[in-house]
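# Build the 3D model from these lines:
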Amino acid sequence: MPTFTAFTTLPDRAPAEALGTALENLVPEPTGVGVFEIEDGSGMWEVGGYFIESPDEIGLALLAAAHGAKDFVISELPETDWVAKVRRDLAPVTAGRFYVYGSHDAETVPDGVEPLLIEANMAFGTGHHGTTKGCLLAFDALLDAGLRPKTVADIGCGTAVLAMAAARVLPDAARIIASDIDQVAVEVAEANLLANGLPGRVTCIEATGTDHPGISAAAPFDLIFANILMGPLIALAPDIARVAAPEARAILSGILNEQAETVLAAYVAEGFVQEDRRVLGDWTTLSLKRG
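Sure, this is the predicted structure:
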């Protein structure tokens, strides 16, 4: 069965989300619609639809014009064995003591690791991206150095893989919060906790940054993960400093290599110092300590 895609870009979140909603009502209807911020620091957003019938090119052109977007780029995709592709593209990832895998690789989990079952789904953070793996490696290094945080926040948690990594290795008494601005991500996080045998170990909440009474009540945090993008990371620097305990660690990623100094400067201004930096491909992970 042929598959068609239609993608466009525009500069702000609100019109992108409005276009995504409008795209859902196009005839023939798309089988799925996605709205994502492009991870290049440009502030541009991408809106895409997937179709099993050739999409209405005139309808797409009218939608793009009405929402101030560029013309949709329409492509026909070749037929693909998606099961084989997922098995190939989502091979298990080892990050220090952590082993991230999908259910199709359940038999490959070695002894002596902390397993994290994460399926490909609508939320970000499968462990295969350089940002998530960088965060896991940074956390692993802190554990090796003896850090045992009693309170942990995973801001912009996606699949909650980082919060689950903390739940795997920290005592049951540790308080762990996972938050995301997207309710779908929160639901995915809760499903992942159940699939990993960790129900109740992490509190999952929908929140914008640190703006939630549950986060305020659990603060201050000994460890804060924030694997998002440069813009939100900089904007959140004062808030993350506010909820961080003295000598707290912050592990930050979603940072292109050329953006690292800019992000670091925002956190140095809030009293953090760099302890470690990891570069995986195009992405940098910063490990910071609050003075």
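# Do a quick rundown of the strands in the chain.
3-10, 32-37, 45-51, 73-77, 93-95, 98-101, 114-117, 151-155, 175-180, 203-206, 221-227, 244-256, 272-280, 283-290 (DSSP state E).
# want to throw those into TSV with distance to I234 and mean neighbour count?
C-beta here means a position set from N, CA and C on the backbone, and glycine is covered the same way. Shown next, in TSV, are the strands of the chain (distance: least, CB to CB, whole Å; neighbours: other CB atoms under 10 Å):
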stretch	distance to I234	mean neighbour count
strand 3-10	22	19
strand 32-37	14	15
strand 45-51	18	21
strand 73-77	31	12
strand 93-95	26	19
strand 98-101	28	24
strand 114-117	29	20
strand 151-155	13	28
strand 175-180	18	26
strand 203-206	22	18
strand 221-227	11	26
strand 244-256	10	22
strand 272-280	13	16
strand 283-290	12	22
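# Indicate which one of those is closest to E57.
Among the strands of the chain, strand 73-77 comes nearest to E57, with 6.5 Å by CB to CB.
# Off-centre distance for that closest one?
Remark: strand 73-77 is offset 27 Å from the chain centroid, using CA atoms, centre = their mean, to the nearest Å.
# so it versus strand 3-10, what angle?
Counting by axes from the mean of the first three to the mean of the last three CA atoms, to 10 degrees, strand 73-77 lies at 160 degrees to strand 3-10.
# Same list (the strands of the chain) but as CSV, adding mean pLDDT.
Listed next are those as CSV, based on pLDDT from 0 to 100:
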stretch, mean pLDDT
strand 3-10, 93
strand 32-37, 88
strand 45-51, 93
strand 73-77, 89
strand 93-95, 90
strand 98-101, 92
strand 114-117, 94
strand 151-155, 98
strand 175-180, 96
strand 203-206, 96
strand 221-227, 97
strand 244-256, 96
strand 272-280, 96
strand 283-290, 97
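# Off-centre distance for stretch 93-113?
Using CA atoms, centre = their mean, the distance between the centre of stretch 93-113 and that of its chain works out at 20 Å.
# And for stretch 137-149?
The answer for stretch 137-149 is 21 Å, by CA atoms, centre = their mean.
# And the average pLDDT for it is what?
Per-residue pLDDT over stretch 137-149 has a mean of 97.
# Any buried residues in that stretch, and which?
Neighbour counts using 16 or more other CB atoms under 10 Å place 137-143, 149 of stretch 137-149 among the buried residues.
# Give me the residues contacting it.
The list of residues contacting stretch 137-149 from outside it, by CB atoms under 8 Å, 6 or more residues apart in numbering, reads 95-98, 162, 165-166, 169-171, 174, 221-223, 225, 248-249, 251, 276, 278, 285, 287.
# This structure - how does it break down into domains?
The chain is divided into the following domains under automatic domain parsing: 3-77, 84-290.
# give me the number of residues near M164?
28 (other CB atoms under 10 Å).
# Relative to L194, how far out is it?
Applying CB to CB, to the nearest Å, the value for M164 to L194 is 11 Å.
# Just to check, I177 is in contact with G214?
Yes: counting by CB atoms under 8 Å, I177 touches G214, with 6.4 Å between them.
# Touching both of these two, which residues are there?
Common neighbours of I177 and G214 (CB under 8 Å, 6+ apart) are 203, 205.
# Can you tell me which of the strands of the chain is nearest to A65?
For A65, the closest of these is strand 3-10, at 10.6 Å, according to CB to CB.
# partner strands of the closest one, parallel or antiparallel?
Partner strands for strand 3-10, per DSSP bridges, with pairing direction: strand 45-51 (antiparallel), strand 73-77 (antiparallel).
# Does A195 touch L116 like I think?
No: under the criterion of CB under 8 Å, A195 is not in contact with L116, lying 10.0 Å apart.
# Need the residues touching each of these two.
Common neighbours of A195 and L116 (CB under 8 Å, 6+ apart) do not exist.
# can you give me the helices in the stretch 51-200 of the chain?
Per DSSP state H, counting those that start in this stretch, the stretch 51-200 of the chain carries helices over the ranges 57-66, 82-89, 130-144, 161-169, 183-195.
# Low-confidence ranges, the stretch 51-200 of the chain, go.
79-90, 120-129 (pLDDT under 70).
# if we can go back for a sec, please render the strands of the chain as CSV that adds distance to G20 to the earlier fields.
Below are the strands of the chain laid out as CSV (distance: least, CB to CB, whole Å):
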stretch, distance to G20
strand 3-10, 10
strand 32-37, 4
strand 45-51, 5
strand 73-77, 16
strand 93-95, 30
strand 98-101, 29
strand 114-117, 29
strand 151-155, 24
strand 175-180, 18
strand 203-206, 18
strand 221-227, 23
strand 244-256, 21
strand 272-280, 30
strand 283-290, 26
